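> A predicted structure for the sequence below; I have some questions about it.
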Amino acid sequence: MTKTETLIERCKELGIDTESLTNNEQRQAAIDTVEAELKGASDDKAEADKVAAEEKAAADKVEADKVAAEEKAAADKVEADKVAASKKAPAKKAKELVYKDDRGVKWVFKKNAPKSLRIDGHPMSQEEIINTEEVISELVLGNNSFLTQKQN
C-alpha cells in the first residue's frame, strides 16, 4: 500500500472528505487536525470525568457529614431528654425511719449510716433494725454512732 492509499484510507476512517484534498500534505494536515480535535475531545472528556468524579466525591462527603450530624443531633437530643427528665422528676425523698423509745425520744439513722448493718452475724437493713424492738433498743442504749436524736 502506498502512502497516498494509506492516507486516503485513514481519512475515510476519520470521516474526512478526500475529494477536495489533492495531495498527501493536505490529507496529512486534515488527518492531524481531526486527530487533534479527537484527542482534545478525549482530553476534555477525561477532564470532565475527573471533575464529575471529584464533584460526586464531594457530594458524597457532604451527604455523609449530614447523616453523621443528624445522628449526633439525635443522640444529643436523647441525652438532653434524659437530663431534662431527671431534672423534672422530683427526687423521691426516702421515707425517714424513726424509732420512738420508752421516754418518747425519737431516733433516726444518720445520713452517712450504711443501709445495712451486721447485727449478731446477720445483715439487717435500716428498716428491719427499726422494726425489731430488741435490736434498735440495744443500739439506742448502747449509744450507737449511726443513730442520732431527731430534732422536732
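Sure, I can see it.

> from here on, contacts and neighbour counts on C-alpha atoms
Fine.

> Please list the residues outside the host helix or strand of residue 130 that contact it.
Assigned by DSSP states H and E, residue 130 falls within helix 126-131. Helix 126-131 has contacts (CA atoms under 8 Å, 6 or more residues apart in numbering) with 97, 98, 99, 109, 115, 116, 117, 135, 136.

> before we move on, what about stretch 97-107?
Against stretch 97-107 from outside (CA under 8 Å, 6+ apart): 108, 109, 126, 127, 130, 136, 137, 140, 147, 148, 149, 150.

> So which of the residues you listed belong to helices?
Cross-referencing the contacts of stretch 97-107 against helices under DSSP state H gives 126, 127, 130, 136, 137, 140.

> pLDDT score for the fifth one?
Note on residue 137: pLDDT of 90.

> Return the residues in contact with it.
Neighbouring residues of residue 137 by CA under 8 Å, 6+ apart: residue 101.

> Can you find the helix or strand in this structure with the smallest mean pLDDT?
Least confident helix or strand of the chain, by mean pLDDT, DSSP states H and E, is helix 24-88 with a mean of 82.

> gap between stretch 60-68 and the chain center?
On the basis of CA atoms, centre = their mean, to the nearest Å, stretch 60-68 is displaced by 13 Å from the centre of the chain it belongs to.

> what does stretch 26-39 give?
With CA atoms, centre = their mean, you get 58 Å for stretch 26-39.

> Right, I'll call it a day here.
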